[in-house]
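Enquirer: Pasting the sequence and the predicted coordinates here, then a few questions.
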Amino acid sequence: MIILELYVNDELVSTAGAEDLSVLSQTLTAVGKLGAESQGASRVREGVEIELSLGGLTSRVSEPSNVHFTWFNTKELNIGDRIMVRMLEGDRVDKPIQPEREAIERARRDNEELDRRRFEDSKRYYLENKHKYEM
């Protein structure tokens, strides 16, 4: 399987991967006053918040099929820190931060909420437009 090794300042902080993933990603985000002309972001007006995460999304035959996992997440980075990601093939990975049972429960709740929103949106559309289609 494809795995990602994540290093911060030359230290291996996490190795991520799983046989049932369809997405595996590393994200580095800087938020705040990033330049002289910037007013900052709504949640970070002064300074910079740097976030680094390593995660993935399953594509399972069983339900829920789309389960998000996180192997690493921090906001404790500084300007000048060195981030390196190695993409490899292998079978030795770390366990995700959140236990699988909790991730599956969260995915089920998210799916139920999405289904409810879709239903409500469809219902609203129908009620607003039924005059066009009723005879």
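Expert: Yep, it's here. Residues are numbered from 1 along each chain as shown.
Enquirer: who's in contact with stretch 71-87?
Expert: Stretch 71-87 is contacted by residues 2-10, 13-16, 26, 28, 48-56, 93-94, 96-97 when judged by Cβ atoms under 8 Å, 6 or more residues apart in numbering. The way it works is simple: take the backbone N, C-alpha and C, and place the C-beta from them, glycine included.
Enquirer: Identify the residues contacting the residue most central in space within the chain.
Expert: For the chain, G55 is the residue whose C-alpha lies nearest the centre (Cα atoms, centre = their mean; 6.0 Å). Neighbouring residues of G55 by Cβ under 8 Å, 6+ apart: 16, 24-25, 27, 68-71, 73.
Enquirer: cutoff 7 Å now
Expert: Contact analysis of G55 by Cβ atoms under 7 Å, 6 or more residues apart in numbering lists 25, 68-71.
Enquirer: Which members of the residues you listed are classed as buried?
Expert: 69, 71 (16 or more other Cβ atoms under 10 Å).
Enquirer: quick one: which of the contacts of G55 sit in helices?
Expert: Using DSSP state H, no member of these sits in helices.
Enquirer: Please name every helix or strand in contact with the helix or strand containing I104.
Expert: Following DSSP states H and E, one finds I104 within helix 100-133. Applying 3 or more Cβ pairs under 7 Å, 6 or more residues apart in numbering; DSSP states H and E, one finds that helix 100-133 contacts strand 68-74.
Enquirer: Using PDB, write out every CA atom in the very next helix or strand once past the strand it packs on.
Expert: Scanning forward in sequence from strand 68-74 by DSSP H and E, the next helix or strand is strand 83-89. Extracted C-alpha coordinates of strand 83-89, given in PDB (Å, rounded to 0.1, in the frame of the first residue of the first chain):
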ATOM      1  CA  ILE A  83       8.500  19.800   6.900                       C
ATOM      2  CA  MET A  84       9.300  16.800   4.700                       C
ATOM      3  CA  VAL A  85       7.000  14.100   3.400                       C
ATOM      4  CA  ARG A  86       8.100  10.800   1.900                       C
ATOM      5  CA  MET A  87       5.700   8.700  -0.200                       C
ATOM      6  CA  LEU A  88       6.600   5.100  -0.100                       C
ATOM      7  CA  GLU A  89       5.100   1.600  -0.500                       C
END
